[in-house]
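Asker: Give me the fold of what follows.
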Amino acid sequence: MLNSQVFGAINYLNSALAAGATLFACAFALSTFDRWHRRGQPQELAWTIAMILFALGSAALWWAESTGWSMITFRVFFLAGAVLNVPWLALGTVYLLTNRGVADRLRDLLVVLSAFSVGVISVAPTKKSMQPGEFPTARELFGILPRTMAAIGSGIPALVIIVGALWSTWRVVRAKSPSFMSSNPRIVSSPRRLATGNVLIAVGTLVLSASGSLGGRLGKDRAFAVTLLTGLVVLFLGFLIASNSTRNERKLSSDD
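Answerer: As a prediction, this is how the structure comes out:
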């Protein structure tokens, strides 16, 4: 009896954490969408798509913690939370730091790869049935292709985000434009704020990828919920600080 009460309390806590991550991701998505609607900056749209994917992944976790895992729920969780969200997040960094044409071509490629990923994960055969009361893993359920897509989709884009944040911070420290290969360089109104924002973006990305390290201490469910919520909060602070510390030189000229 006591064990069932403890297990139920843990499930309620995990559900609450996943719900918090879902609501925060939705608020984050609305904020970046509003910025994109008002300013028309492509990185804001990329971040909006990434946050919608984070919200979908968090909502799937929320639903699973509340009602139990199903194969459909896990496919949504895996696709949105492990395969697609970080690449779209990284696209925002690419738009900030590179030429618009290069970023647009990467966006077109990412759209195609995203559609391919949706198809693969939706119909990927499973190696075993879902076990009640257990947090499922891709290694136990899926073959090599879905797991490879998740590894590439989380590893390389995370590296892009971290390297991009460190690169722009280093450029600001050297009193240079944080962008490179850009036809529309940015004016840094607050170098310290931009550096702080970029560091927070890198830290948030690392937090989001730390669920595996915390799984042994907190349990897989709790680790995913905690890192999702914490990582999203840190990312939001980083994007808010970094985006308010720069402005486009072309826009500045037109305003003058």
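
Asker: Check whether residue 127 really touches residue 140, as I assumed.
Answerer: Yes: at 6.9 Å, residue 127 and residue 140 qualify as touching, with contact defined as Cβ atoms under 8 Å. All C-beta spots, glycine's among them, are computed from the backbone N, C-alpha and C.

Asker: Can you show me the strands along the stretch 151-256 of the chain?
Answerer: 186-188, 246-248 (DSSP state E, counting those that start in this stretch).

Asker: thinking again about what came up before, who's more crowded, residue 127 and residue 140?
Answerer: residue 140 (12 against 9; other Cβ atoms under 10 Å).

Asker: which ones are touching the more buried one?
Answerer: The contact partners of residue 140, by Cβ atoms under 8 Å, 6 or more residues apart in numbering, come to 127-128.

Asker: Ramachandran angles for residue 68?
Answerer: phi 110, psi 150 (degrees, to the nearest 10).

Asker: Surely it and residue 134 touch.
Answerer: No: between residue 68 and residue 134 no contact is recorded; they are 10.1 Å apart, counting by Cβ under 8 Å.

Asker: Roughly how far does residue 85 sit from residue 97?
Answerer: Separation of residue 85 from residue 97 (Cβ to Cβ, to the nearest Å): 20 Å.

Asker: Ignore what I typed, I meant residue 238.
Answerer: Taken as Cβ to Cβ, the span from residue 238 to residue 97 is 15 Å.

Asker: can you tell me the average pLDDT over stretch 154-173?
Answerer: Here stretch 154-173 scores 82 as its mean pLDDT.

Asker: how distant is it from the center of its chain?
Answerer: Relative to its parent chain, stretch 154-173 has a centroid offset of 15 Å by Cα atoms, centre = their mean, to the nearest Å.

Asker: List the buried residues for it?
Answerer: 154, 157-158, 160-162, 164-165, 167-169, 171-172 (16 or more other Cβ atoms under 10 Å).

Asker: Same check on stretch 60-68?
Answerer: 60-65.

Asker: which among the residues you listed gets closest to residue 119?
Answerer: When these are ranked by distance to residue 119 (Cβ to Cβ), residue 60 comes first, at 18.3 Å.

Asker: Assign that closest one to helix, strand or coil.
Answerer: The three-state label given to residue 60 by DSSP: H, G, I helix; E, B strand; the rest coil is helix.

Asker: For it, which non-adjacent residue is spatially closest?
Answerer: residue 77 (3.8 Å; Cβ to Cβ, 6 or more residues apart in numbering).

Asker: What segments of the chain are helices?
Answerer: Along the chain, counting by DSSP state H, helices occupy 2-39, 42-67, 71-78, 85-97, 100-123, 138-141, 144-173, 191-208, 211-218, 220-243, 249-255.

Asker: could you give me the average pLDDT of the fifth one?
Answerer: By that I understand helix 100-123. 93.

Asker: Any idea how far it is from the middle of the chain?
Answerer: With Cα atoms, centre = their mean, you get 16 Å for helix 100-123.

Asker: Taking helix 85-97 as reference, get the angle to it.
Answerer: Counting by axes from the mean of the first three to the mean of the last three Cα atoms, to 10 degrees, helix 100-123 points 180 degrees away from the direction of helix 85-97.

Asker: Alright, that wraps it up for me.
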